[in-house]
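Undergrad: With the input below, show me the fold.
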Amino acid sequence: MSMPVAIVLRDIHEPAAPSWWPPAPGWWLLVAVVLAIVAAVLWWRRRRRRRRARIQALFDDALATATSPAAEVAAMSELLRRAARRRDPGADRLQGVAWRAFLDQGETPLFADEVGELLIEGGYRREVDAGQVAKLRPLARARFLQWMGAR
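TA: Okay, here's the model as predicted:
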């Protein structure tokens, strides 16, 4: 009989565990997508802030060129009518009570009192109280910014 041949067995070696760096291509893609989304959000916010500043400057410049309180009221009325066209193309042709109702549409009635009357008739008056114009200015500005989409 022959002697059995001794088989030499070696231990099974597992491959080395993958390291955490460099990450798999899927992780690179995920990082790129997240960075693109962050960049897009930052760009959109910056664009929105600049647009709001341009619209505010448009309102402020129109009022700065007014030579009297009556001219300032007329400028606010004109700006609100221009902005109203964005909501309803026929809104700039409304007059009197219909115009004031349109200004208060869907909101707390801001223009229902003497401030609304001032906006309707103030551009045609000889004398306009500067205190009333000061009350009208923030309301008109807020509605203008809202209708121009800057809010």
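
Undergrad: from here on, contacts and neighbour counts on C-alpha atoms
TA: Fine.

Undergrad: Tell me how far Met148 lies from Ala140.
TA: Met148 sits at a distance of 12 Å from Ala140 (criterion: C-alpha to C-alpha, to the nearest Å).

Undergrad: the more surrounded of these two?
TA: Higher neighbour count among Met148 and Ala140: Ala140, with 23 against 20, using other C-alpha atoms under 10 Å.

Undergrad: what residues does the strand or helix carrying that one touch?
TA: Following DSSP states H and E, the helix or strand that holds Ala140 is helix 130-147. By C-alpha atoms under 8 Å, 6 or more residues apart in numbering, the residues outside helix 130-147 that reach it are 52, 55-56, 59, 69, 72-73, 76, 79-80, 83-84, 86-87, 103, 110, 115, 118-119, 151.

Undergrad: Quick check: pLDDT value at Arg85.
TA: Per-residue pLDDT puts Arg85 at 93.

Undergrad: Also the one 4 residues further on?
TA: The per-residue pLDDT reported for Pro89 equals 90.

Undergrad: Tally up the residues packed near it, please.
TA: Burial of Pro89 is recorded as 12 neighbouring residues (other C-alpha under 10 Å).
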